[in-house]
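> Okay, structure incoming, though there's no sequence with it:
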Ligand code: ADP
């Protein structure tokens, strides 16, 4: 059984072809600059980056893009399959499923209609995801496709955690509520955490910290998301690379007034000029900020302190939300690799039974426990694998057809 996983962005397509029978990634890659001059595909067959190939060509739209990906998979030299029919199913990452999708689904006409309706809530992401589905329907009409949503895992969040303190009519009229994102990643690492602890998810209280360019923290109780730091948009929670995280909403009209900003301009400041970049003035990449901080840059040091403090605060809040905590998981670029930032976040969490082992914490990108032996609350680094989770959901649904 072979499953092609696609993550279609507005100008890029990331892909992985899984052989689910042998549990291996047969090929992976990314096609960038769709619809822009200089489109190029980086294709890695057999998980070996030494055999990486770069393919250039004109890629005006996603249909041509997916054709290029399929051609790379079929190629005589760097291909990994002999016939397109070998692909048994396609799994798509879809960013927003609103309140309509609390699980993954086989895509049919009705689902497509609902996907279009959800686009209003994610105008930058869903249309590109949908274009990818439509391109596949055209190129491989007989192959089943599955939609796996970033928001689905958080549909179990109870209403007291998803309703904002706004007039209720805005929830009814526009669907303004907490949705949460990175759900596939949180679900994956929580499952892995339970496996590593040798316990069923039912009974465990886990805080999962997905810290990449975008960051979110989730409270996972009995295998279900019960609260999460991202909300209606992808900006709330701890500060991120360029996003402001939680701020006092009073700042918004104040700034619009003082700086004569329209909503679009303000949005740009909150999403693209804030966070690590905004505070440090150095950059949005954690490595750059850490380097500047080590060199004595005070604002870079402050950005790190704010980042760590906000993360620590959410871990504490979610321990309270769940009535306890059994494990903390760090994942995504910063969570998997940021040795010193993990140390900063965990400082002062000993009262929750979470004691970091400084020696064990010297790891990057490995699935490993980093808490002191015998600590009541375990701390783990678990590399995320959203693609594998999408492939597993796809396989499950297609096998049940
Ligand atoms: P995205 O959200 O775009 O998928 P990633 O999960 O790849 O992002 O995470 C990107 C972040 O990970 C960047 O801030 C980067 O600096 C950080 N990162 C990568 N390697 C390291 C490292 N060795 N130490 C600290 N941060 C790192």
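Nice, I can see it. This is a predicted model, so every value here is computed, not measured.

> Can you name the residue of the stretch 301-401 of the chain nearest the ligand?
Closest approach between the stretch 301-401 of the chain and the ligand, counting by C-beta to the nearest ligand atom: residue 333, at 2.0 Å. Heads up, the C-betas are built off the backbone N, CA and C, glycines and all.

> check contacts around that residue.
Listed by C-beta atoms under 8 Å, 6 or more residues apart in numbering, the contact set of residue 333 reads 211-213, 286.

> Out of those, who's the most crowded?
residue 211 (26 neighbours; other C-beta atoms under 10 Å).

> Okay, strands next: where are they in the stretch 51-200 of the chain?
53-56, 89-94, 105-106, 145-149 (DSSP state E, counting those that start in this stretch).

> Take those and write them to TSV, including distance to residue 189.
Below are these laid out as TSV (distance: least, C-beta to C-beta, whole Å):
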stretch	distance to residue 189
strand 53-56	31
strand 89-94	16
strand 105-106	23
strand 145-149	16
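
> Could you dump the ones you listed into JSON lines with mean neighbour count, distance to the ligand and mean pLDDT added?
Shown next, in JSON lines, are these (neighbours: other C-beta atoms under 10 Å; distance: least, C-beta to the nearest ligand atom, whole Å; pLDDT from 0 to 100):
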{"stretch": "strand 53-56", "mean neighbour count": "13", "distance to the ligand": "20", "mean pLDDT": "94"}
{"stretch": "strand 89-94", "mean neighbour count": "26", "distance to the ligand": "12", "mean pLDDT": "98"}
{"stretch": "strand 105-106", "mean neighbour count": "18", "distance to the ligand": "25", "mean pLDDT": "97"}
{"stretch": "strand 145-149", "mean neighbour count": "27", "distance to the ligand": "16", "mean pLDDT": "98"}
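
> do you know which of those lies nearest residue 339?
strand 89-94 (28.9 Å; C-beta to C-beta).

> Tell me the buried residues in the longest strand along the chain?
Counting by DSSP state E, the longest strand found in the chain is strand 24-32. Residues of strand 24-32 classed as buried by neighbour count (16 or more other C-beta atoms under 10 Å): 25-32.

> what about the residue lying closest to residue 219 once chain neighbours are set aside, which SS state?
Among residues not flanking residue 219 along the chain, residue 318 sits closest, at 3.7 Å (C-beta to C-beta, 6 or more residues apart in numbering). For residue 318, the assignment made with DSSP: H, G, I helix; E, B strand; the rest coil gives helix.

> what pLDDT does residue 318 get?
pLDDT, residue 318: 98.

> Now do the same contact list for it.
Residue 318 sits next to 207, 217-219, 227, 325 when contact means C-beta under 8 Å, 6+ apart.

> What's the separation between residue 328 and residue 206?
Per C-beta to C-beta, to the nearest Å, residue 328 is found 7 Å from residue 206.

> So which residues of the protein form helices?
For the chain, the helices defined by DSSP state H occupy 62-74, 109-118, 126-139, 159-162, 168-174, 183-197, 251-258, 263-272, 275-280, 286-294, 298-322, 332-337, 339-346, 386-399.

> so which of those helices gets nearest residue 95?
Across the helices of the chain, closest to residue 95 is helix 126-139 (C-beta to C-beta), at 5.8 Å.

> I'd assumed residue 7 was in contact with residue 29.
No - applying C-beta atoms under 8 Å, one finds residue 29 not in contact with residue 7, separated by 11.3 Å.

> okay, and the common contacts of those two?
14-15.

> In the contacts of residue 333, which has the lowest confidence score?
Lowest pLDDT among the contacts of residue 333: residue 213, 92.

> if we can go back for a sec, any residue of the longest strand of the chain touching the ligand?
No - counting by C-beta under 6 Å from any ligand atom, the ligand is not contacted by strand 24-32; separation bottoms out at 11.8 Å.

> Please give me every residue in contact with the residue positioned nearest the centre of the chain.
Closest to where the C-alpha atoms of the chain average out (C-alpha atoms, centre = their mean) is residue 182, at 3.4 Å. For residue 182, the contacting residues are 150, 210, 214, 216, 218, 230, 332, by C-beta under 8 Å, 6+ apart.

> Take these and keep only those in strands.
Reading strands off these with DSSP E, I get 210, 216, 218.

> Ranking by neighbours, what's the top pick from those?
Ranked by neighbours (other C-beta under 10 Å), the ones in strands among the contacts of residue 182 are led by residue 218, which has 31 neighbours.

> State the pLDDT value of it.
98.
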